[in-house]
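Asker: Need the 3D shape of this:
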Amino acid sequence: MKRILTVLMLLSSAGAARAVPVVPNFTQGSMTSHTETTSTVTETINSMDYNTGYQYVVTGTNIETDAANIAPSGNTNTSVTLNGVTSQWTGLDLSTRPEFEMTTPGAAFQFTESYQGPGLSNHTIIQRTTTVNSVTDTTSTFTQ
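Answerer: Residues are numbered from 1 along each chain as shown. Got it, this is the predicted structure:
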């Protein structure tokens, strides 16, 4: 019986459990962060220039033609397919262009005839790779 009484006395003296508040014991602090990022971008720039019409130019000195109009009379169709897209333009039939001759045979002369037809006139492809390195350092300071 003495033993039971001792156990009861010990239990009654322990009392109820109580919560103790937790209070931080610092007054200030700081935190730092360091981040490095590398990005690589590879791109292709595909540029196409089209002539939607034509140019026919005749110049010179000491030349003549009996045609009323220097432009050829017939037309031809130009068709271009690029990346699955078909484009079509009408140009000149150069086999019907007028005849030119010197006004004064044996004298000095100059004659230039040029034709630029419709269609793709310039195709530029630029391929480039750009690498960007980014560094971020952050410091946070706090006090209580």
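Asker: so what strands line up beside the helix or strand hosting Ile126?
Answerer: Under the criterion of DSSP states H and E, Ile126 resides in strand 119-143. Strand 119-143 has the following sheet partners, assigned by DSSP bridges: strand 28-51 (antiparallel).
Asker: Can you name the element that comes right after the partner strand?
Answerer: Counting by DSSP H and E, what follows strand 28-51 is strand 55-61.
Asker: Pull out the buried positions in that following strand.
Answerer: Using 16 or more other Cβ atoms under 10 Å as the test for burial, strand 55-61 gives Tyr56, Val58. Every C-beta, even on glycine, is put in place using the N, C-alpha and C of the backbone.
Asker: Check what contacts the helix or strand following it and list those residues.
Answerer: Counting by DSSP H and E, the element after strand 55-61 in chain order, helix or strand, is strand 63-64. By Cβ atoms under 8 Å, 6 or more residues apart in numbering, the residues outside strand 63-64 that reach it are Phe100, Glu101, Met102, Thr103, Phe109, Gln110, Phe111.
Asker: Identify, from these, the entry nearest to Val135.
Answerer: Using Cβ to Cβ, Gln110 comes nearest to Val135 of these, at 65.7 Å.
Asker: In contact with that closest one, which residues are there?
Answerer: Counting by Cβ under 8 Å, 6+ apart, Gln110 has contacts Thr59, Gly60, Thr61, Asn62, Ile63.
Asker: What is the burial count for Leu94?
Answerer: By the criterion of other Cβ atoms under 10 Å, Leu94 has 13 neighbours.
Asker: Ile70 versus that one, what's the distance?
Answerer: 12 Å (Cβ to Cβ, to the nearest Å).
Asker: And Ser121, by the same measure?
Answerer: 22 Å.
Asker: same deal with Ser79?
Answerer: For Ser79, the distance to Ile70 equals 26 Å [Cβ to Cβ].
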